[in-house]
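S.K.: predicted model follows, preceded by the sequence.
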Amino acid sequence: MRLVCVRHGETDWNKKGKIQGVTDTSLNENGIKAAGEFLKRLRKTDFAFKKVYTSPLKRAFETGDFVAKEYNIPIIKKEGLKELCFGKFEGLSWDEVRAKYRSEYDYWHVHRKDAAPPEGESYHHKSDDIIDAFKEIIGECGEQDDVLIVSHSASLKALLCPIRHVDYNDMLKHFAFGNLQEVVLSDNDIKEILKYKRS
């Protein structure tokens, strides 16, 4: 089994540096074009995708739909693949967050595993949800299947920190997800997903 995880294509909010979270934005013109280029890149690999799983948010589904249509395979939405909820930070740039919510940001920034933005969720909570989604995907697919999973930057970091034993405060040093940047999970990553327990 090969699980190829990718962040969605560009949106206008990406271009403007706004925090999206669970705000349901669509791909912009650049995002649509880049999704087509991503598809061409996939075509040069030996991946033989059987399914596409995406976050239910439009920017992820629209990205995955390019691949699903080209490969003529099912596309399935998974709630657990949705982006981390950034609460009151959404719609703002990080500079605006620091200006408007300085104390809340400072606390969250150094306690990001368990702290949450105002009215948002913690990375730990997101880890529980996205790993549950991956367990479902693994259970729904065959051992030899190649599967594309389209999600979001913060959610993919929430996936990788616990399974690769990276401190949540060090995530930015280890995991950078630009638009349409992918990671292929290793056999050991899949083993870590399957043995992960919610806490």
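M.R.: Great, that's in hand.

S.K.: which residue is nearest the middle of this structure?
M.R.: residue 152 (2.6 Å; CA atoms, centre = their mean).

S.K.: list the contacts for the residue lying closest to that one once chain neighbours are set aside?
M.R.: Excluding the flanking residues, the one nearest residue 152 by CB to CB, 6 or more residues apart in numbering is residue 83, at 3.7 Å. C-beta here means a position set from N, CA and C on the backbone, and glycine is covered the same way. When contacts are counted by CB atoms under 8 Å, 6 or more residues apart in numbering, residue 83 is found next to 20, 21, 22, 55, 57, 151, 152, 153, 154, 155.

S.K.: helix, strand or coil: sort out the third one for me.
M.R.: What DSSP: H, G, I helix; E, B strand; the rest coil gives for residue 22 is coil.

S.K.: wait, what's in contact with it?
M.R.: So residue 22 contacts 57, 82, 83, 84, 85, 86, 90 (CB under 8 Å, 6+ apart).

S.K.: let's see that with 7 Å instead.
M.R.: 57, 82, 83, 85 (CB atoms under 7 Å, 6 or more residues apart in numbering).

S.K.: cool, residue 49 as well?
M.R.: So residue 49 contacts 67, 71, 73, 146, 147, 148 (CB under 7 Å, 6+ apart).

S.K.: repeat that for 10 Å
M.R.: For residue 49, the contacting residues are 2, 4, 42, 67, 68, 70, 71, 73, 145, 146, 147, 148, by CB atoms under 10 Å, 6 or more residues apart in numbering.
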